[in-house]
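Trainee: here is my input; please provide its structure:
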Amino acid sequence: MSTSSSIAQALTGIRTRIEASARAAGRPASGVDLVAVSKFHPQASVIAALEAGQRLFGENRVQEAAAKFPDLRTRWPDLRLHIIGGLQTNKALEAVRIADMIESLDRPALSDALARAADRAGRLPGLLVQVNTGDEGQKSGVRLEDADAFINASLERFGPAVVRGLMCIPPHDRDPTPHFRTLATMAHRHGLDVVSMGMSADFERAIACGATLVRVGSAIFGARPATPQTAPNGT
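Mentor: The predicted structure is shown next:
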């Protein structure tokens, strides 16, 4: 596990790089938000990031997020949590209850589950449509050829106040830039403001293509443990 000081230093470095990338793209740095991806890292690492000023976090798994974050909101009420991993329909209610945004809306069945969950919970987080820009069979996200229709259907169902934008994870073995450009162009076409793309290895290229959210994990928290470590002491 990374130490508190190393997490704080890493956050400073990432923020500096985000600002420089935004300036180079002719964009204000305030237009790019950093999502600190704490997947599998212990709550102690999240606390270290919070103490260093970070407030926006991303988790892939709802169960892990529920174990780490709810009790931290008492001390840091401005904390925001995004669910960024593929979401099973049977986890929709818990996700709706704990998340500020769900970045992985990708199929009608999940839309149905989220609508039912919102009725039960009395709230609905912001939603991003995840687009499978590489049309990879093993990866979550709506297929590229179906994306426009699904985005339109999602906007009609939930409205633009809920469906805020798009997210993608480009193929790891290809140049991500064309995928970033595709997603940004699609978001603009639909009048969507939020474009979540770019991770530790490529967030600067994503910013150059128009990212408004970048999801950075290992560059902040270090190498990801093999299994979740959710307790405050990392055990």
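
Trainee: this structure: helices as residue ranges?
Mentor: For the chain, applying DSSP state H gives helices covering 4-24, 43-51, 62-68, 92-98, 108-121, 144-158, 177-189, 203-208, 218-221.

Trainee: closest one to T133 among those helices?
Mentor: helix 177-189 (4.1 Å; Cβ to Cβ). (C-beta placed from N, C-alpha, C; glycine too.)

Trainee: got the angle for that closest one vs helix 144-158?
Mentor: Counting by axes from the mean of the first three to the mean of the last three Cα atoms, to 10 degrees, helix 177-189 lies at 30 degrees to helix 144-158.

Trainee: for helix 177-189, packing partners?
Mentor: If you count contacts as 3 or more Cβ pairs under 8 Å, 6 or more residues apart in numbering; DSSP states H and E, helix 177-189 packs onto strand 126-132, helix 144-158, strand 163-167, strand 194-196, helix 203-208.

Trainee: need the ones you listed in TSV with distance to G13, mean pLDDT and mean neighbour count, can you?
Mentor: As requested, these are exported to TSV (distance: least, Cβ to Cβ, whole Å; pLDDT from 0 to 100; neighbours: other Cβ atoms under 10 Å):
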stretch	distance to G13	mean pLDDT	mean neighbour count
strand 126-132	26	98	25
helix 144-158	34	98	16
strand 163-167	24	98	25
strand 194-196	21	98	25
helix 203-208	12	98	22
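
Trainee: export the ones you listed to TSV and tack on distance to M186?
Mentor: Shown next, in TSV, are the helices and strands packed on helix 177-189 (distance: least, Cβ to Cβ, whole Å):
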stretch	distance to M186
strand 126-132	7
helix 144-158	6
strand 163-167	6
strand 194-196	9
helix 203-208	14
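
Trainee: the ones you listed: which one's closest to A115?
Mentor: Shortest distance between A115 and those, using Cβ to Cβ, is found for helix 144-158: 7.2 Å.

Trainee: counting contacts, what elements does that closest one pack onto?
Mentor: Contact here means 3+ Cβ pairs under 8 Å, 6+ apart; on that basis helix 144-158 packs against helix 108-121, strand 126-132, strand 163-167, helix 177-189.
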